[in-house]
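Visitor: Structure for the following, please:
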Amino acid sequence: MPKKAIEEESIRLRQKLWKTRGRRSRITGGAFLVLSGFFLLLAYVTRYIVFEVTSILALFLGVVFVFIGVESYVKKDVANKAVISSLVPLASFLSYLEAKGKAIYVPPTYEQRSGRIYLPKQNGVALPAYKEITRETSVAVLNEGVLLPSVGSALLQLYENELGDLRNLDLEYLMAWLPRVMVDGLQMAEKVEMTQNASNIAVKITGLAFRNACQHPDTKIVCEITGCPVCSSLAEAVSKNTGRLVHYLGCKNDSVKRETTTFYRLGPTLEELKQQEKVER
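Guide: I've put the predicted structure just below:
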């Protein structure tokens, strides 16, 4: 079978799976409602109370399955409040550090599952040594900055649950599939577009579920320096996929179009960083 045909079939099956997640319970509920009607008819014809009781029970189960999905959902306002609450401590920490430099996403080594972010106090600060920036410790003060876990790591795990280890994918494949995962699989947004121009990557997200968290005054500094959890997860995904440092350049919001566009720049790989240090020595 040609490669294009295999990819098209893979897309069809994956999208069918995503749709089935939401429809499975409704189909089951519909079946119970049909049974309820059938037993109600039998109860009317035969006058047997057992059929009437069965009809009521099937009706109850049908309503439950129709209105309660296979996957649990949280109200949008509740989810946004939860995200904001979790980001407030990080915002306070960044304010305390008087950090002004944009985050640099560091890819994980082969032994590590997820990368970290390096927050320089100012833009233009030299990166720490290879051994320092890839250390196992999640939090560390290095040079004129600090090494921290990414706020998007949990979302990255959800992406990998759908796509597998991102290190095994091509960047082109990731840029084609990650938007589908975010929109159809996880229902995080209405539309996601990823584009690349040389070493620059832009992601435009329409109808982002956590958009209110990005615009909240108490967490504004997080969006300016590291990006919200969604923007961070995208940077971390690209970093892990390419093995490169990813520089977060910032984002912009269009309240009228309900669009959030975030910008990144690809840096050197960890191996290139290591070799550069050897040359400088």
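Visitor: which regions of this protein sit below the pLDDT cut-off?
Guide: Scanning the chain for pLDDT under 70 picks out the ranges 1-33, 39-40, 42-44, 48-53, 55-82, 211-215, 280-281.
Visitor: for the stretch 1-150 of the chain, what spans make up the strands?
Guide: Assigned by DSSP state E, counting those that start in this stretch, the strands in the stretch 1-150 of the chain fall at 104-106, 116-120, 140-142, 145-149.
Visitor: what's the offset of the second one from the middle of its chain?
Guide: Between the mean C-alpha point of strand 116-120 and the mean C-alpha point of its chain there is a distance of 19 Å (C-alpha atoms, centre = their mean, to the nearest Å).
Visitor: sorry, back to before: can you lay out the strands of the stretch 1-150 of the chain as CSV showing mean neighbour count?
Guide: Yep, even glycine has a C-beta here, placed from its N, CA and C like the rest. As requested, the strands of the stretch 1-150 of the chain are exported to CSV (neighbours: other C-beta atoms under 10 Å):
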stretch, mean neighbour count
strand 104-106, 26
strand 116-120, 25
strand 140-142, 14
strand 145-149, 19
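Visitor: Relative to residue 87, which of those is closest?
Guide: strand 145-149 (12.9 Å; C-beta to C-beta).
Visitor: That closest one vs strand 116-120, what angle?
Guide: Compare the direction of strand 145-149 with that of strand 116-120 by axes from the mean of the first three to the mean of the last three C-alpha atoms, to 10 degrees and you get 160 degrees.
Visitor: Restrict strand 145-149 to CA atoms and write it as CSV.
Guide: The C-alpha trace of strand 145-149 is given here as CSV (Å, rounded to 0.1, in the frame of the first residue of the first chain):
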residue,chain,number,x,y,z
GLY,A,145,19.0,32.6,35.6
VAL,A,146,17.0,29.6,36.9
LEU,A,147,16.2,26.1,35.6
LEU,A,148,12.6,25.1,36.2
PRO,A,149,10.1,22.4,35.1
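Visitor: Could you identify the helix or strand that succeeds that strand?
Guide: Next along the chain after strand 145-149, taking DSSP states H and E as the criterion, comes helix 153-163.
Visitor: Quick one: residues in contact with that following helix.
Guide: Residues outside helix 153-163 that contact it (C-beta atoms under 8 Å, 6 or more residues apart in numbering): 14, 114, 150, 166, 169, 174, 177-178, 181-182, 185-186, 229-230, 232-233, 236-237, 240.
Visitor: Could you do stretch 167-182 as well?
Guide: Residues contacting stretch 167-182 (C-beta under 8 Å, 6+ apart): 11, 14-15, 159, 162-163, 166, 188-189, 191-196, 201, 205, 234, 237-238, 240-243.
Visitor: tell me which residues in that stretch are buried?
Guide: 169, 171, 174, 175, 177, 178, 179, 180, 181, 182 (16 or more other C-beta atoms under 10 Å).
Visitor: hmm, back to that, of the strands of the stretch 1-150 of the chain, which is nearest residue 248?
Guide: Each of the strands of the stretch 1-150 of the chain has some distance to residue 248 by C-beta to C-beta; the shortest is strand 104-106, at 6.8 Å.
Visitor: Parallel or antiparallel, which strands does the closest one pair with?
Guide: With DSSP bridges as the test, strand 104-106 is paired with strand 116-120 (antiparallel), strand 244-254 (antiparallel).
Visitor: for it, the distance to its chain's centre please.
Guide: Chain-centre distance of strand 104-106: 17 Å, with C-alpha atoms, centre = their mean.
Visitor: Please apply the same query to stretch 99-109.
Guide: 18 Å.
Visitor: buried residues in that stretch?
Guide: Of the residues in stretch 99-109, 99, 101, 102, 103, 104, 105, 106, 107, 108 count as buried by neighbour count, 16+ other C-beta under 10 Å.
Visitor: now stretch 255-273
Guide: Residues of stretch 255-273 classed as buried by neighbour count (16+ other C-beta under 10 Å): 259, 260, 261, 262, 263, 264, 265, 266, 267, 270, 273.
Visitor: How about stretch 185-192?
Guide: 185, 186, 188, 189, 192.
Visitor: ok, the residue nearest to the second one when sequence neighbours are not counted to residue 262 distance?
Guide: Excluding the flanking residues, the one nearest residue 186 by C-beta to C-beta, 6 or more residues apart in numbering is residue 158, at 6.1 Å. Distance, residue 158 to residue 262, using C-beta to C-beta, to the nearest Å: 18 Å.
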